[in-house]
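Chemist: build the 3D model from these lines:
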Amino acid sequence: MKARQLRASAELAVCDHNGLSGSHREELQRIYLNEILPRRFGVGRGMVYGSFHRSREADIVVWDALNYPSLPMLDHSFFFAESVRMVIESKSRWSTEDFDDVLLKSQAVRDIVVTPGPSLDDTLAVIQLDIAALKESRAHSGILYAPFHIATGGVFLAGGSRAFDPPRETITDEVLQDADDRWPDVLLLLEPGKMILKDYPPDQDGRLLFFDYGEDALLAFTNALLQTVAGRSVLTESEFYLTRYAFRVLVETEPYEALPFPLTRFPPGRTPLWE
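Modeler: Numbering: from 1, shown residues only. Sure thing, here's the model as predicted:
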C-alpha cells in the first residue's frame, strides 16, 4: 500500500515545471523516511562536507540529528560528514542518463573521508581485546580500524523493467571495475520491484546482488535502509531487525544474480594487531 501510495502521489500533476515536480517527488520520499526512521535521525537535503571533499547537491540526506549539528540555509542545509549516515538520489523515471547521474553523485559521496573520533563501540572493542589478551597471555598493539564510508542510495519510482536484464550481459566490465567507488549501496527500481544491494563479504571481493521483490520491493528497501543506518551508528539498544516480521520476503528471497567487483578501498572493520 505504501508503494502504491508513493507512486501515485509522485505522479500527481502539481505543476508543469520539472524542477518543482522533482522537489515534490523528493519531498514525498523525505516524508516517508521521516515516518519510518527512528526519531534520532533527521531527513533533509543539501550538501555533505568532509575535511577535504564535499558531495554534490543531494536529494535526501539521512543524518544523526540527535548528536550532531547542521548548518540550515534557506531551502537546504550543509551537513558534516561525521553526522551523515546515508545519501539518496531520487528520480522519477528510469533512464541511463539519470542512472549515470546517480553514479556520479555516489562517487562524490564515496570520496568523502570520514574521520570520526573514538566512539563507545571503539572503546568497548579495545576493552574486549585487552581481556582476550589477558586470557591468552598474549600482547597486542591495538586495533587497526577502517570506518564505514557514508552509504549511498538511488530510487527510481517508475520505469526500469528492462534495466540490467540480464545483469551479466548489460553491465560492462568498466562499470564493475568502478563499482566500489561509484555504484550506490542500495538501488531501488520501485515500479518493476527490483533492488540491487552492494555486499562486502569478509576476505573477498565485493558483490552486486540483484533481487526481484515485486510488490514487496519498498519493504525490502526499507529493511536495507534501516540496517545500513544502524550499522553506521552506535546503538545503546539491540539492533532492530525488520526481518523478524517479514521473514518469508526478506530472508527467503534469494538474489537471482551476483556480480563480483574488485575492491579499490579498504573494507570497513576492526583487525586486532597481535604482537
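Chemist: can you pull the contacts of Val43?
Modeler: 30, 33-34, 37, 60-62 (CB atoms under 8 Å, 6 or more residues apart in numbering). Every residue, glycine included, has its C-beta placed from N, CA and C.
Chemist: and those residues, which are buried?
Modeler: 30, 33, 37, 60-62 (16 or more other CB atoms under 10 Å).
Chemist: quick check: the farthest pair among those residues?
Modeler: Leu37 and Val61 (12.0 Å; CB to CB).
Chemist: low-confidence stretches in this structure?
Modeler: For the chain, the stretches flagged by pLDDT under 70 are 9-23.
Chemist: all helices for it, in order.
Modeler: Taking DSSP state H, the helices of the chain run over residues 2-10, 18-36, 96-110, 120-136, 167-170, 173-177, 179-182, 217-231, 247-250.
Chemist: buried residues in the third one, which are they?
Modeler: This means helix 96-110. 98-99, 102-103, 105-110.
Chemist: between those, which is nearest Ser161?
Modeler: Phe99 (14.1 Å).
Chemist: now do the contacts for that closest one.
Modeler: By CB under 8 Å, 6+ apart, the neighbours of Phe99 are 154, 156, 163.
Chemist: what bridges to the second one?
Modeler: Phe156 has these beta-bridge partners by DSSP bridges: Lys91, Leu189.
Chemist: distance of it relative to Val175?
Modeler: According to CB to CB, to the nearest Å, Phe156 and Val175 sit 17 Å apart.
Chemist: compare the two (neighbour count), which wins?
Modeler: It is Phe156, of Phe156 and Val175, that has more neighbours when counted by other CB atoms under 10 Å, with 24 against 15.
Chemist: surely that one is in contact with Asp98?
Modeler: Yes - contact criterion CB atoms under 8 Å: Phe156 and Asp98 qualify, at 7.3 Å.
Chemist: what residues are shared contacts of the two?
Modeler: By the contact definition CB under 8 Å, 6+ apart, Phe156 and Asp98 are jointly contacted by Lys91.
Chemist: residues touching the residue nearest to His149 when sequence neighbours are not counted, list them.
Modeler: Spatial nearest neighbour of His149, chain neighbours left out: Arg110 (5.9 Å); criterion: CB to CB, 6 or more residues apart in numbering. Counting by CB under 8 Å, 6+ apart, Arg110 makes contact with 149-150, 152, 181-182.
Chemist: quick check: the farthest pair among those residues?
Modeler: Distance extremes for the contacts of Arg110: the farthest pair is Ile150 and Arg182 at 13.8 Å, using CB to CB.
Chemist: show me which residues of stretch 219-239 are buried.
Modeler: For stretch 219-239, the buried set under the neighbour-count rule, 16+ other CB under 10 Å, comprises 219-230, 232-233.
Chemist: with stretch 72-86 instead?
Modeler: For stretch 72-86, using 16+ other CB under 10 Å, the buried residues are 77-86.
Chemist: which other residues reach that stretch?
Modeler: With CB under 8 Å, 6+ apart as the test, stretch 72-86 has contacts from 41, 44-51, 57, 61-65, 67-71, 112-116, 150-153, 185, 225, 228-229, 232-233.
Chemist: and Ser161, how far is that from Leu190?
Modeler: 11 Å.
Chemist: the two: who's more crowded?
Modeler: Counted by other CB under 10 Å, Ser161 and Leu190 do not tie: Leu190 has more neighbours, with 22 against 12.
Chemist: any idea how far that one is from Gln29?
Modeler: Counting by CB to CB, the gap from Leu190 to Gln29 is 10 Å.
Chemist: any shared contact partners between these two?
Modeler: Residues touching both Leu190 and Gln29 (CB under 8 Å, 6+ apart): 6, 155.
Chemist: Pro72 pairs with what?
Modeler: Under the criterion used (DSSP bridges), Pro72 bridges to Ser77.
Chemist: what's across from the spatially closest residue to Leu259 that is not a sequence neighbour in the sheet?
Modeler: Sequence neighbours aside, Leu208 is the residue nearest to Leu259 in space, at 4.5 Å (criterion: CB to CB, 6+ apart). Counting by DSSP bridges, Leu208 is bridged to Lys198, Leu259.
Chemist: surely Leu208 meets Ile196?
Modeler: Yes - in this structure Leu208 lies within contact range of Ile196 using CB under 8 Å: 5.8 Å.
Chemist: any common contacting residues for those two?
Modeler: Trp183.
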